[in-house]
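[1] A structural model of the following input is requested.
(2 chains)
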Amino acid sequence: MMHGELTTGSGAATNCSMQEKHHSKGSGWRAACAATMLAAGSLAMSGCISVSAPDKPIVIELNINIKQEVIYRLSADAANTIESNKDIF
Amino acid sequence: MFAKTIPGKTMLSLAAGLSVLAMTGTAWAQRDPAYAAARAAGEVGEKTDGYLGYVTSPNAAVRHLVDDINIKRRALYSQKAQAANATVEEYAFSSGCQLILQTVPGEKYEGPNGGWLTRSSAPPQRDSRCP
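    Numbers count the residues shown, from 1 in each chain, chains lettered A, B, ... in the order given. From the prediction side, this is the model:
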């Protein structure tokens, strides 16, 4: 809106006021922009950390560690179960 | 839930289902002939997770039969897992190790990398966690 007034006023003489107005307007916009970028940045960062990085490796490691032990323990039990339910195995 | 396609199979499935529900624990005779044939033909195979999988696209009868068996397996696994203080997945996986070991030459099984393999006279390739 301000920009429109400036350009339609006169071309050469309003250099100073133009700079002033532009500056004052620009700083406000820049502040808003910075805030938005900050918010977007923190959002993106929190997204990265909580979703992609830690979840998968941790879960898989735990599964492998638990299973290795438990599978050995269950081995004989499972063999008996299979042996006594031959119709579904 | 039980077979409604072929009358003869309906009887078998119903009886098998009842025995599972009653949890008698007694050994039900043997494999359904159609299931045995599908195994021998390599249409279905043993997966590492303890359930049956389709190697080739199954017809309706085979699909019904295998789905039914997998439901019964899951019921049995969960019952046994609870008694053994383990999760269903752990018990099923442990059973899968055994079931792949028990395949006979010509039958299909899921290899450690997820692809279907054909059992030969040599020992099967199993997950490194299998005993």
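[2] switch to C-alpha atoms for all contacts and neighbour counts from now on
    Fine.
[3] What's the first helix or strand after the helix or strand encompassing B:A36?
    Element membership for B:A36 (DSSP states H and E) is helix B:33-40. Sequence order places strand B:44-46 as the next helix or strand after helix B:33-40, per DSSP H and E.
[4] now the helix holding B:A36: mean pLDDT?
    Taken as a whole, helix B:33-40 has a mean pLDDT of 95.
[5] How about that helix, which residues are buried there?
    B:35, B:38-40 (16 or more other Cα atoms under 10 Å in any protein chain shown).
[6] and what of stretch B:113-123?
    For stretch B:113-123, the neighbour count (16+ other Cα under 10 Å) marks B:116-119 as buried.
[7] what does it rub up against?
    B:45, B:55, B:101, B:103-111 (Cα atoms under 8 Å, 6 or more residues apart in numbering or on different chains).
[8] Which secondary structure state does B:L65 sit in?
    Following DSSP: H, G, I helix; E, B strand; the rest coil, we place B:L65 in the helix state.
[9] quick one: least confident helix or strand in chain A?
    helix A:2-9 (a mean of 48; mean pLDDT, DSSP states H and E).
[10] Tell me, how many residues neighbour B:A86?
    19 (other Cα atoms under 10 Å in any protein chain shown).
[11] right, and it touches A:Y72 too?
    No. The criterion here is Cα atoms under 8 Å, and B:A86 misses it with A:Y72 at 11.8 Å.
[12] Spell out which parts of chain A neighbour chain B.
    When proximity is defined by Cα under 8 Å from any Cα of the partner chain, chain A lies next to chain B at A:67-68, A:70-72, A:74-75, A:78-79, A:82-89.
[13] From the residues you listed, keep the buried residues only.
    The buried subset of those (16+ other Cα under 10 Å) comprises A:67-68, A:70-71, A:74-75, A:78-79, A:82, A:85, A:87-89.
[14] So B:L52 is in contact with B:R39, correct?
    No. If you go by Cα under 8 Å, B:L52 and B:R39 don't touch, sitting 9.7 Å apart.
[15] Overlap in contacts, the two.
    Residues touching both B:L52 and B:R39 (Cα under 8 Å, 6+ apart): B:G45.
[16] Am I right that B:G106 falls within a strand?
    No. B:G106 is assigned coil when assessed by three-state DSSP, not a strand.
[17] what sits against B:I100?
    So B:I100 contacts B:46-48, B:109-110, B:124, B:126 (Cα under 8 Å, 6+ apart).
[18] What distance do you get for it to B:N59?
    24 Å (Cα to Cα, to the nearest Å).
[19] Then A:F89?
    20 Å.
[20] Any stretches of chain A with poor pLDDT?
    Applying pLDDT under 70 to chain A flags residues A:1-66.
[21] what's the answer for chain B, then?
    B:1-28.
[22] Spell out which parts of it neighbour chain A.
    So far as Cα under 8 Å from any Cα goes, chain B lies against chain A at B:16, B:25-32, B:69-70, B:72-73, B:84, B:86, B:90-91, B:93-95, B:98-99, B:129-131.
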